[in-house]
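1. dropping the sequence and predicted coords here.
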Amino acid sequence: MVEFQQKDNYSISDLIEIVKLLRGEGGCPWDREQTHESIRSDFIEETCEAIEAIDLKDSELLCEELGDVLLQVVFHCRIEEESGRFAFDDICDGVCKKLIIRHPHVFGDTIANSTEQVLKNWDAIKMKTKGQETYTDTLESVAKSLPALMRAQKVGKRAMRAGMDFRNADDAIKCIDAERKELIEAAASGNIDDITEEMGDLLFSCVNAARHLGVDAELALKAATDKFIKRFSVTEKLTSEDNIDMKSLPIEELDVYWDKAKKLIDPEDKNND
């Protein structure tokens, strides 16, 4: 048993100390075995759970999930500290300096009376501090580990700042139709490499259109997926009520149930006709 004073309330310093004890001699065998790579997916999972709490507007759950995210930060930091590379104070020092540098309108003499000007200054300062000399550098700096839709949105937005963009939403939407035709041609050829390329182009064009329409493509797809699951659930319930296993039905008959499900969920939806 390690020496530790239990309290009614704990602070960030206590969390840092607890993780240190868990990783130290006499601590937890599992915690001591972990590496950045072994808990990489845990970081992603905890972040997603925090996002879900935000979506649910559940403050109590968000408090808990943010704690789990913070634990991941402290844990990764401890691994680095054990190797003598950096400590938690270095993280705090770095992010504080970054915030001060990137807000010269708050901590300096720069004038920025609008959000647009703030973002313009932010981008210019970011390019300078990160040694980005070209617009291409800003595109390549977008993390490849981001979900594909989010990365595409961010790349498209940064390309826009360099003047590489559609003139308006109509042009962006027309591009979707052009890419769809190219996908159809590729599908007819049967060449999987061509199909993959054209499918990617079509998805990227959809993301660009969403951006021009003021829509977050990631959230739009999330909503569409949730809607599909809801309709699927009702469809399965309808087939079950008729004592039918839905997977035994041909798609034509299953579509009839699907249409019924759509009308039950949203009778006013004109797309149900």
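-> Structure's in. What do you need? Residues are numbered from 1 along each chain as shown.

2. wait, doesn't residue 199 sit right on residue 180?
-> No. At 10.2 Å, residue 199 and residue 180 do not qualify as touching, with contact defined as CB atoms under 8 Å. Quick note: C-beta positions are derived from backbone N, CA and C, even for glycine.

3. for the closest residue to residue 246 other than its chain neighbours, give me its contacts.
-> With sequence-adjacent residues excluded and distances taken as CB to CB, 6 or more residues apart in numbering, residue 246 is closest to residue 239, at 4.3 Å. By CB atoms under 8 Å, 6 or more residues apart in numbering, the contact list for residue 239 reads 245-246, 249, 254, 257.

4. same thing but at 7 Å, please
-> 246, 249, 257 (CB atoms under 7 Å, 6 or more residues apart in numbering).

5. tell me the buried residues in the helix or strand in which it is found?
-> In this structure, residue 239 is located in helix 217-241 according to DSSP states H and E. Neighbour counts over helix 217-241 (16 or more other CB atoms under 10 Å) mark 217-218, 221, 231, 234-236, 238-239 as buried.

6. what about residue 189, how many neighbours?
-> Other residues within reach of residue 189, judged by other CB atoms under 10 Å, total 11.

7. name the nearest residue to it, sequence neighbours excluded.
-> Once flanking residues are discounted, residue 189 sits nearest to residue 195: 7.8 Å by CB to CB, 6+ apart.

8. what of residue 27?
-> The shortest distance from residue 27 to any residue that is not its chain neighbour, by CB to CB, 6+ apart, is 5.5 Å, and that residue is residue 21.

9. surely the one you found and residue 4 touch.
-> Yes. Taking CB atoms under 7 Å as the contact criterion, residue 21 and residue 4 are neighbours in contact, 6.2 Å apart.
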